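Sequence isn't available, so here's the structure alone:
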């Protein structure tokens, strides 16, 4: 133990915590010791790295309904059985969408030399319908936001391709608000097609919802509104969006687009659920999780093989250190976070009668950057109970315990609505949306040290929640 960690541990013991067991004198010290053992063991281990590599390099992309997703289910289930956990596969019906071919080129613009075209870098949005088999060609109308779209009206949109040029806010991102920067751009990816179709557009494009250069478009799901025609939609790289915007300022620009995605019947898949049974209150559950599916570009290393691997490591560390918490630790590898959230919804429905005994749920799904601490979605008056753990984690630069008024994970969202407190690592996400949902989401983008730090934070947090007194529950949100 280094001197700084020893001092922080002493401070944590002096502060006391509502998470400690009722006999403070005899149990606070063992809890703090267990927390530190988990932190030190995680930092010394490459287990999470090896599991991330097995999913990202060994299997590759894992879009719901694909052979990769099926292989990942079997791999994770087998590894968790090898650790000695009680493993089961819980059925989930998932969307089965396939990308197909995607081609786009500018075929007319002001001053175009005869015979020239400019190829565009783009990715079809998840769930998009196809163009006609021969493709389509139409003028492009760039708009910065929905207000500009509405000002153009049907007269300026019908029969055209709408391009949303709203940009990811890099300044906001670099200031530490990556999620908010993403939220400002992703609405055009999610809802832009239907908004354009309502005014007669024949297709919709959006500037990538992430940031960065190198002509790497970001894919992701769209949502078709009820009662509005479904039109094909894709994301174009930031560079190409800016090119079209510049050319369109000079006159009409025409684009040829061919997308051949297919939506097949829903497929059979599974959530992988594995229990390390609690020693005193096995009926009470603490979930630690990541999502097993990924997009079909890159290999889903950051999003979210890393989250699954860290959840697996929490159980692996407790087994290897001989730590059995009072409550059951439940590792879940969710299926279908990316294009439907079927796994999270199916779990909440299947376990609805037991959710009152779910004490907490943790999800890691913001990449594997350096963790600065953890987010906590719970009644604010409970936050002081987490201060001792935060002080201990400050020894590795992860001492921030931040209260969240919103959700902290998509898959555990249904659990939060049932009153279950939610947690997630608070990571440095400034580079996450540079590669998120792109071909560049590969293992080499993960820093092994940062991944180990995430494992340290979440393993210690999971053990604390499974060992100590239950935190106050969230208000139940009724449908």
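Ah, there it is. Bear in mind the structure is a predicted one, so any value in this text is a computation, not a measurement.

Can you show me the helices along the protein?
Counting by DSSP state H, residue ranges of the helices within the chain are 3-15, 24-43, 47-56, 67-82, 146-157, 170-174, 178-197, 238-248, 306-321, 342-350, 387-393, 413-417, 432-435, 448-467.

Just the buried residues of the third one, please?
If I follow you right, that is helix 47-56. 47-49, 51-56 (16 or more other Cβ atoms under 10 Å). To be clear about C-beta, it is placed using only N, CA and C from the backbone, and glycine gets the same treatment.

Contacts for that helix next, please.
Under the criterion Cβ atoms under 8 Å, 6 or more residues apart in numbering, residues 42, 62, 72, 75-76, 79, 292, 299-301, 305-306, 308-310, 312-313, 316-317, 368, 442-443, 446, 448, 451-452, 454-455 lie in contact with helix 47-56.

Show me which of those residues are buried.
Among the contacts of helix 47-56, those buried by neighbour count (16+ other Cβ under 10 Å) are 42, 62, 72, 75-76, 79, 292, 299-301, 305-306, 308-310, 312-313, 316-317, 368, 442-443, 446, 451-452, 454-455.

about what we covered before: mind checking the helices of the chain for the one nearest to residue 91?
helix 342-350 (7.5 Å; Cβ to Cβ).

what residue of the chain is the furthest out?
residue 114 (45.7 Å; Cα atoms, centre = their mean).

Tell me who's in contact with it.
Taking Cβ under 8 Å, 6+ apart, one finds nothing in contact with residue 114.

Look up how far residue 462 lies from it.
65 Å (Cβ to Cβ, to the nearest Å).

Could you count how many residues lie near residue 253?
Per other Cβ atoms under 10 Å, the neighbour tally for residue 253 reads 25.

thinking it is in contact with residue 137, fair?
No. Judged on Cβ atoms under 8 Å, residue 253 makes no contact with residue 137 at a distance of 11.3 Å.

if we can go back for a sec, the buried residues of helix 47-56 into a markdown table, with extra columns for pLDDT?
A markdown table is the format used below for the buried residues of helix 47-56 (pLDDT from 0 to 100):
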| residue | pLDDT |
| --- | --- |
| 47 | 98 |
| 48 | 98 |
| 49 | 98 |
| 51 | 98 |
| 52 | 98 |
| 53 | 98 |
| 54 | 98 |
| 55 | 98 |
| 56 | 98 |
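
Distance of residue 393 relative to residue 449?
Taking Cβ to Cβ, one finds residue 393 at 15 Å from residue 449.

And these two? Which one has more around it.
Counted by other Cβ under 10 Å, residue 393 and residue 449 do not tie: residue 393 has more neighbours, with 29 against 12.

Thought residue 460 was touching that one, still the case?
Yes. Using Cβ under 8 Å, residue 393 makes contact with residue 460 at a distance of 6.7 Å.

Mutual contacts of the two, please.
Common contact partners of residue 393 and residue 460 (Cβ under 8 Å, 6+ apart): residue 39.

Quick check, pLDDT for residue 1.
pLDDT recorded at residue 1 is 42.

likewise residue 6?
At residue 6, pLDDT is 34.

How about residue 15?
So, for residue 15, pLDDT stands at 34.

Over to residue 405?
For residue 405, the predicted pLDDT is 89.

next one: the one 4 residues further on
As predicted, residue 409 sits at a pLDDT of 97.

Hmm, residue 374 and it touching each other?
No. Under the criterion of Cβ under 8 Å, residue 409 makes no contact with residue 374, lying 11.7 Å away.

where do the contact lists of the two overlap?
Contacts common to residue 409 and residue 374, judged by Cβ under 8 Å, 6+ apart, are residue 424.

how much space between residue 228 and residue 162?
Here residue 228 is placed at a distance of 13 Å from residue 162 (Cβ to Cβ).

between these two, who's got more neighbours?
Neighbour totals were compared for residue 228 and residue 162, and residue 162 leads with 29 against 14 (other Cβ under 10 Å).

how close does that one get to residue 140?
With Cβ to Cβ as the criterion, residue 162 and residue 140 are 8 Å apart.
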